[in-house]
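> pasted the sequence and its predicted model underneath.
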Amino acid sequence: MHRTKFFDHVILLAGVFLMIAPVVVAFMTSTHAAAEIHRDGLMLTWGGHFDETYREVLTRQGGFTGKVTGARMVMNSFILGIGFAAGKIVLSMLAAYAIVYFRFRLGVVFFWMIFTTLLLPLEVRILPSYEVMTKLGLVNTYTGLIVPLLASATGTFFFRQFFKSVPDELLEAARIDGAGPFKFFIDILIPLSRTMIAAIFIIMFVYGWNQYLWPMLMTNDESFYTLVRGIKQILLVWIGSQIPDYNEAFAMAILAMLPPVLVVVIFQSWFIKGLTESDK
Amino acid sequence: MAHVTIDRVSKDYQAGVRAVDSVSIDIADSEFIVLVGPSGCGKSTLLRMVAGLETITEGEIGIGGRVINHVDPADRDIAMVFQNYALYPHMTVRNNMAYGLKNRGMNRADIEKRVAEAAAILRLQDYLERRPRQLSGGQRQRVAMGRAIVREPAAFLFDEPLSNLDAKLRVDMRGEIKQLQKRLGTTSIYVTHDQLEAMTMADRIVVLNGGRIEQIGTPLDVYRQPQSAFVASFIGSPAMNLITARGESGNLVIGDQTVVMDGAMTVPDGPVTLGVRAEDMKPADHGATAHLELAIDYVEELGAGRLVHGHVGDARLALSTPSGEPLSDLLPIVFDRQRLHLFDTATGRRL
Amino acid sequence: MKRTQFSSPVLPYLFLLPQMTVVFIFFYWPSVQAIQSSFYLEDPFGFGSTFVGLSNYTDALGSGEYLKIAWFTAVFTIVVTFLSLSIGLLLAAKADGVIRGSSSYKTLLICVYAIAPPVAGLIGMMFFDQHIGPFVKLAAWAGWDMKVGINYYDTAFAMIVVSVWKQIPYNFIFFLSGLQGVPVSIREAAAIDCRSPARRFRTVMLPLLAPTAFFLLVINMTYSLFDTFGIIDVIVKDKAANNPITLVYKVYMDGFRGNDIGGSSAQSVILMIVVFVLTVFQFRFIERRVHYN
């Protein structure tokens, strides 16, 4: 018995090492100077340049145009993450409410129209989507960054499942208690969905924050860059430089992963519940 | 308080699927009516039509003289207690009870007063600030009752309100609900599949089967004069013995034995279904003429008495006897011949 | 659906309006456009387009380059799916077994889920960097002259390592919650019936996990096909040259770097069909899963 448990722990520790070590190394290396890294490789120790490097990354006017700072990118990432999560929750709760709680003729048609969007990820229709955005003049706007990402049914599917699990009698009791569609939604359904809303918010925030391809297409004005989008820019700047700014690249990577990782770790139980119960 | 009239009401779920078939019941003011029947008999559907949660396909339902077929559930002046209570999980007990009143625009002081009264009646004063999940099953049930009481409605509708409780609590709550209803005098329609609940609580029982009314009557009526073999089998525990017999010149032939009737009741010639309750038979005294000899299969000891299971030919019979000495394999029995019930084998109607 | 529902002539449409607007403008319109332009040859200078029938499709499917990429995509998908599923399952099984420290293990093992693919790609690139990368030094020590970004197979190796690393937490979460969803009574019954824990896991737990595993199989395939875009883009940096890329990356390269709109659209449509098949499979499966539980 003891022996098996011991090996279980060995395997788990190996797994943890495998998952976490790269992140730790990335962070440690980011606190060293670029020349040091260039000479000695990746670091496992504290380098003491934390302040300078991160201040530099956050405040220096960077990029080709010199318009964007790291802080600006952090802000853009938050706008995208929060805007996307909030938008997703509002749109999908309303749509799911209509589909589950109303009897209307086109209900089934709308249901299928929304759920077809699950079939095709954004990646397979990037080019025409980009053209549509150009026609609408939404390139380099926050609207263009956020709203098209909302065109998928994951959230609606999620809320639909949840609403269906709410006992029918609750609606019946509320109707006898004199609650109409609005009152029921606001007084009963939203409070009941609080945990679900939190869970979806976390999942969607991480999803929005981590968007890469879409921001890459939609924003060529650097003042709209998100952190994740900025990653590629760093790499492009490197080409031809003598000593690449390894430290700054790692610092960017750490900044770009910190908020979503924190959110996931802190709200772990909600996050797991939301993820596994929705079946995305 | 009001009388409720259900006039030739039918419900079709889809064309051809009739859940309730032309049901008429007149419910007097303050009456406690129990709708009883097996699952799928249409009892809940009927109740939900009264509540306004299902549309009415045909017929009319009136509460207090007002036809309410197309009135919104909220405006029917009814209150409903659900099987799973349907308490709002995010609201305190107080708010659960107050919610309907708030939606009606009642002023705060009146709401407070009504909630306090209901809480006093139901002994919920100490729980008003709790949420449903912090309460026991019995307490939740009482909150559901409270939510109905504060409304002071014309009628209470109960949809199997006790079936989520354990056996002992169910018996207690049965009494409580009955007492409460007597005290408030509110017309009540109560749906259950438990015949014992129906017997113990109802002023009148409505037995439903396959969407139709089998019989309406007081509990004793229904027990003593079942109008059909279905009612006979459904009401009473242990269930009434229903066996196939044959009428021959005024006597009953069961298997290869003949029960001599001596004109105790008229028996038509030909096949009949004979109904006899376990307590309406007993072992024949020594020396007395037995009506039938029962081959005993097994005996259930119940403490107060025992239930003897046996057979005559293909017909199985159970009779209750006082506990006592062991029985021989072949038991001579006598019937209380006035209390035999005869039903048409084809239609099941009482003869 | 619900036993009782509201009926209102306007409200449901009102509630659906925002979602439907977004879906129409940003999903149906572009999708239809993609299908449409896949049948046209666009003039490179933007002076109109000509209908060419299926030739964009035949061009794509007939080109050796496209088939090579398709082949790589398939191998990449299978390898990434297999590795990340098995490692995820192994860790979940172990995490489910231990009592001490199980919540710390869980936290540490899931946090990589939140890292964006390109960020994972960036970190991976550093580990495979020609100058500073420890993996390259390790490989050199073993006699392997690793040249990620230059050698086709070395680059593929790096892509797979990073993609698997990024996906393990997701599979871990699902397998762990699947395992923890197995009722205690079943575990106890199994413990009475079978003495060997390994055998018990194989004969009782694994069959109960099958629905989760099938669901994850589809998810992992879509992940490998699409979500790895960021990883690949960071590793090859727009220069496909001699590097392995997946079909989605090819769509992007042809459409945005090569300006071959018709060809890119035709490839999009081919991918749509692949995803469609995968998703239909998944839906059928989820349905069965619901019955199963």
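Cool, got the structure. Residues are numbered from 1 along each chain as shown, chains lettered A, B, ... in the order given.
> same for the longest helix seen in chain C, what does it pack against?
With secondary structure taken from DSSP state H, chain C has its longest helix at helix C:64-97. Applying 3 or more CB pairs under 8 Å, 6 or more residues apart in numbering or on different chains; DSSP states H and E, we find helix C:64-97 packed against helix A:2-30, helix C:102-110, helix C:152-180, helix C:206-222, helix C:247-252. Using the backbone N, CA and C atoms, a C-beta is placed for each residue, glycine as well.
> so which bits of the host helix or strand of residue C:275 are buried?
Per DSSP states H and E, residue C:275 falls inside helix C:261-292. By 16 or more other CB atoms under 10 Å in any protein chain shown, the buried positions in helix C:261-292 come out as C:261-272, C:274-275, C:278-279, C:282, C:285, C:289.
> just stretch C:162-177 next, same as before
Of the residues in stretch C:162-177, C:162-177 count as buried by neighbour count, 16+ other CB under 10 Å.
> which of those residues sit farthest apart?
C:162 and C:177 (25.2 Å; CB to CB).
> my understanding was that residue A:218 contacts residue A:143; is that so?
No. At 9.8 Å, residue A:218 does not count as touching residue A:143 under the criterion of CB atoms under 8 Å.
> could you check which of the two has the larger neighbour count?
residue A:218 (26 against 13; other CB atoms under 10 Å in any protein chain shown).
> what residues are up against that one?
A:130, A:133, A:138-140, A:144-145, A:148, A:224 (CB atoms under 8 Å, 6 or more residues apart in numbering or on different chains).
> look up how far residue B:214 lies from residue B:284.
Noted for residue B:284: a distance of 34 Å to residue B:214, by CB to CB, to the nearest Å.
> which of those two has more neighbours?
residue B:214 (24 against 16).
> test my guess that residue A:83 contacts residue A:205.
No. Judged on CB under 8 Å, residue A:83 makes no contact with residue A:205 at a distance of 9.8 Å.
> so for these two, which sits in the more crowded spot?
residue A:205 (26 against 19).
> returning to what we had before: the helices and strands packed on helix C:64-97: which one's closest to residue A:209?
Across these, residue A:209 has its closest neighbour in helix C:152-180 (14.9 Å, CB to CB).
> by contact count, what packs against the closest one?
helix A:2-30, helix A:268-278, helix C:64-97, helix C:102-110, helix C:117-127, helix C:206-222, helix C:229-236.
> can you rerun that using 7 Å?
helix A:268-278, helix C:64-97, helix C:102-110, helix C:117-127, helix C:206-222, helix C:229-236 (3 or more CB pairs under 7 Å, 6 or more residues apart in numbering or on different chains; DSSP states H and E).
> that helix: what's the following helix or strand?
Downstream of helix C:152-180 (by DSSP H and E), the next one is helix C:184-193.
> so is that following helix next to chain A?
No. Applying CB under 7 Å from any CB of the partner chain, one finds helix C:184-193 separated from chain A by no less than 12.4 Å.
> give the next helix or strand downstream of that helix.
Following helix C:184-193 in sequence, per DSSP H and E, is helix C:197-200.
> and the average pLDDT for that next one is what?
Regarding helix C:197-200, the rounded mean pLDDT is 84.
> sort out which residues of that helix are buried, please.
C:197, C:200.
> for the chain, give me the ranges with low pLDDT.
No chain in the question, so chain A it is. By pLDDT under 70, the weakly predicted segments of chain A are A:1-4, A:62-66, A:238-242, A:278-280.
> look at chain C instead
Along chain C, segments meeting pLDDT under 70 span C:1, C:43-47, C:238, C:240, C:285-293.
> so where do the helices sit in the stretch 51-200 of chain B?
B:93-103, B:108-121, B:137-149, B:167-184, B:195-201 (DSSP state H, counting those that start in this stretch).
> for the ones you listed, give me CSV that also has distance to residue C:217 and mean neighbour count.
Listed next are the helices of the stretch 51-200 of chain B as CSV, based on distance: least, CB to CB, whole Å; neighbours: other CB atoms under 10 Å in any protein chain shown:
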stretch, distance to residue C:217, mean neighbour count
helix B:93-103, 45, 22
helix B:108-121, 55, 15
helix B:137-149, 43, 23
helix B:167-184, 48, 15
helix B:195-201, 51, 20
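> of these, which is nearest chain A?
For the helices of the stretch 51-200 of chain B, the distance to chain A is smallest for helix B:93-103, at 3.4 Å, taking CB to the nearest CB.
> quick check: angle from the closest one to helix B:108-121?
140 degrees (axes from the mean of the first three to the mean of the last three CA atoms, to 10 degrees).
> buried residues in the longest helix of chain C?
C:66, C:69-70, C:72-73, C:76-77, C:79-81, C:83-85, C:87-97.
> give me the neighbour count for residue 36.
Assuming you mean chain A. Neighbours around residue A:36, by other CB under 10 Å: 15.
> um, chain C though
13.
> nearest residue to it other than its sequence neighbours?
Leaving out its chain neighbours, the residue that sits closest to residue C:36 by CB to CB, 6 or more residues apart in numbering or on different chains is residue C:265, at 7.9 Å.
> surely the one you found meets residue C:34?
Yes. Using CB atoms under 7 Å, residue C:265 is in contact with residue C:34, at 4.9 Å.
> which neighbours do these two share?
residue A:127 (CB atoms under 7 Å, 6 or more residues apart in numbering or on different chains).
> which residues of chain C lie near chain B?
So chain C meets chain B at residue C:4 (CB under 7 Å from any CB).
> so is the residue of chain C found nearest chain B in a helix, a strand, or just coil?
Per CB to the nearest CB, residue C:4 is where chain C lies closest to chain B, at 5.1 Å. What DSSP: H, G, I helix; E, B strand; the rest coil gives for residue C:4 is coil.
> report the contact partners of it.
A:168, A:171-172, B:53.
> for residue A:33, same thing?
Per CB under 7 Å, 6+ apart, neighbours of residue A:33: A:49, A:247.
> and it, how far is that from residue A:226?
From residue A:33 to residue A:226 the distance is 27 Å (CB to CB).
> which parts of stretch B:243-250 are buried?
So stretch B:243-250, judged by 16+ other CB under 10 Å, has buried residues B:243, B:245-247.
> C-alpha coordinates for it, CSV please?
The C-alpha coordinates for stretch B:243-250 follow below in CSV (Å, rounded to 0.1, in the frame of the first residue of the first chain):
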residue,chain,number,x,y,z
ILE,B,243,-61.7,-13.1,-8.3
THR,B,244,-63.4,-14.6,-11.2
ALA,B,245,-66.6,-16.5,-10.3
ARG,B,246,-69.7,-17.8,-12.0
GLY,B,247,-73.3,-17.3,-11.1
GLU,B,248,-75.3,-20.5,-11.1
SER,B,249,-79.0,-20.5,-10.0
GLY,B,250,-78.4,-17.8,-7.4
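> ok, back up a step: and the angle for the helix holding residue C:275 with helix C:206-222?
160 degrees.
> show me what helix C:261-292 is packed against.
By 3+ CB pairs under 7 Å, 6+ apart, helix C:261-292 packs against helix A:126-136, helix C:29-37, strand C:40-42, helix C:55-62, helix C:206-222, helix C:247-252.
> alright, that wraps it up for me.
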